[in-house]
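[1] Take this sequence and fold it.
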Amino acid sequence: MSDFRKQFEDLQRMARGEDTTAGAVRQTYLAIGADELIETLGDTIVCERCGQVHPVEYGRKDGRVDKDMAYVKCNGKTYLCGAGGKRWRARG
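    Numbering: from 1, shown residues only. Here you go, the predicted structure:
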């Protein structure tokens, strides 16, 4: 089987929610530049999408709050809003 065919079949399995890693670990990365981290992040944030104030939420790691990544929920969706205690504003 060609590499292309195998990759195509892996994508189809992923779309169906099946495990295609076969023991390998797949990770997604997001790079945030230092110039994109602006003011210190507070307990609330004015949403860039709707203009309303939303509470800042954090993930959990080992049962504890992990303040490495911060997010807000707006209109049923979750948006990344900070990292390392700083507010994130993407370039562009």
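[2] switch to C-alpha atoms for all contacts and neighbour counts from now on
    Noted.
[3] Okay, strands next: where are they in this structure?
    For the chain, the strands defined by DSSP state E cover 37-40, 44-46, 53-55, 57-61, 64-74, 77-83, 86-88.
[4] In the sheet, which strands lie alongside the third one, parallel or antiparallel?
    Applying DSSP bridges, strand 53-55 is found paired with strand 44-46 (antiparallel).
[5] Please apply the same query to the last one.
    Here strand 86-88 has these sheet partners by DSSP bridges: strand 37-40 (antiparallel), strand 77-83 (antiparallel).
[6] which residues are contacting the shortest one?
    Taking contacts as C-alpha atoms under 8 Å, 6 or more residues apart in numbering, the residues outside strand 37-40 that touch it are 82-83, 85-89.
[7] picking up where we left off before, save the strands of the chain as CSV, and put in distance to Phe8 and mean pLDDT too.
    Shown next, in CSV, are the strands of the chain (distance: least, C-alpha to C-alpha, whole Å; pLDDT from 0 to 100):
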stretch, distance to Phe8, mean pLDDT
strand 37-40, 38, 90
strand 44-46, 41, 94
strand 53-55, 41, 96
strand 57-61, 33, 85
strand 64-74, 33, 88
strand 77-83, 29, 90
strand 86-88, 35, 92
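[8] Adding distance to Gln12 and mean neighbour count, write these out as CSV.
    Output for the strands of the chain, formatted as CSV (distance: least, C-alpha to C-alpha, whole Å; neighbours: other C-alpha atoms under 10 Å):
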stretch, distance to Gln12, mean neighbour count
strand 37-40, 37, 14
strand 44-46, 39, 14
strand 53-55, 37, 15
strand 57-61, 30, 14
strand 64-74, 30, 16
strand 77-83, 26, 16
strand 86-88, 34, 21
